[in-house]
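A.B. asks: return atomic coordinates for the entry below.
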Amino acid sequence: MPNWRDLKRYCERDGWELYKDTDHYFYRKTLDDGTILRTKVSKGNGEIRGHLWQEILKRQLRTTQEHFNELI
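C.D. replies: Take a look at the predicted model:
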């Protein structure tokens with residue numbers, strides 16, 4: 001399972017915009033069709049566990065595990 005640093009690295013390499021830096025990093029990405037994707041990245045260094053990771057991958061990042069792995 002990836003950790004929070006992996007998710008931050010993915011966002012940076014995949015062209016997401018850091019739009020807020022508080023106790024978490026907040027990223028967004030505008031798709032060609034105008035859809036805005038958003039995700040929140042913890043500043044912790046722990047692993048993102050099972051179900052939570054699957055939800056982030058599917059609903060927030062809208063990507064595959066394979067594409068994610070290529071960019072981290």
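
A.B. asks: identify all contacting residues around stretch 25-41.
C.D. replies: By CB atoms under 8 Å, 6 or more residues apart in numbering, the residues outside stretch 25-41 that reach it are 4, 7-8, 11, 14-20, 24, 43, 56, 60-62. (C-beta placed from N, C-alpha, C; glycine too.)

A.B. asks: can you say which of those residues are buried?
C.D. replies: Buried members of the contacts of stretch 25-41, counted by 16 or more other CB atoms under 10 Å: 4, 7-8, 11, 14, 16, 56, 61.

A.B. asks: what ranges do the strands span in this structure?
C.D. replies: Counting by DSSP state E, one finds strands in the chain at the ranges 17-21, 24-30, 36-42.

A.B. asks: can you put the ones you listed in CSV and add distance to residue 52?
C.D. replies: As requested, the strands of the chain are exported to CSV (distance: least, CB to CB, whole Å):
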stretch, distance to residue 52
strand 17-21, 20
strand 24-30, 14
strand 36-42, 11
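
A.B. asks: among those strands, which is nearest residue 68?
C.D. replies: strand 36-42 (11.8 Å; CB to CB).

A.B. asks: from residue 35, how far out is the closest residue to residue 1 other than its chain neighbours?
C.D. replies: In this structure, residue 1 finds its nearest non-sequential neighbour in residue 47, 4.9 Å apart by CB to CB, 6 or more residues apart in numbering. Using CB to CB, to the nearest Å, residue 47 is found at 29 Å from residue 35.

A.B. asks: what about the two, which has more around it?
C.D. replies: Legend: neighbour count by other CB atoms under 10 Å for residue 47 and residue 35, higher for residue 47 (13 against 9).

A.B. asks: residue contacts, the more buried one?
C.D. replies: Residue 47 makes contact with 1-3, according to CB under 8 Å, 6+ apart.

A.B. asks: closest to residue 51 among these?
C.D. replies: Within the contacts of residue 47, proximity to residue 51 (CB to CB) peaks at residue 1, which comes in at 10.7 Å.

A.B. asks: pLDDT wise, what is the residue located most distally from the centre of the chain at?
C.D. replies: Residue farthest from the centre of the chain, counting by CA atoms, centre = their mean, is residue 33 at 19.4 Å. pLDDT, residue 33: 97.

A.B. asks: if anything else comes up later, I'll come back, but that's it for now.
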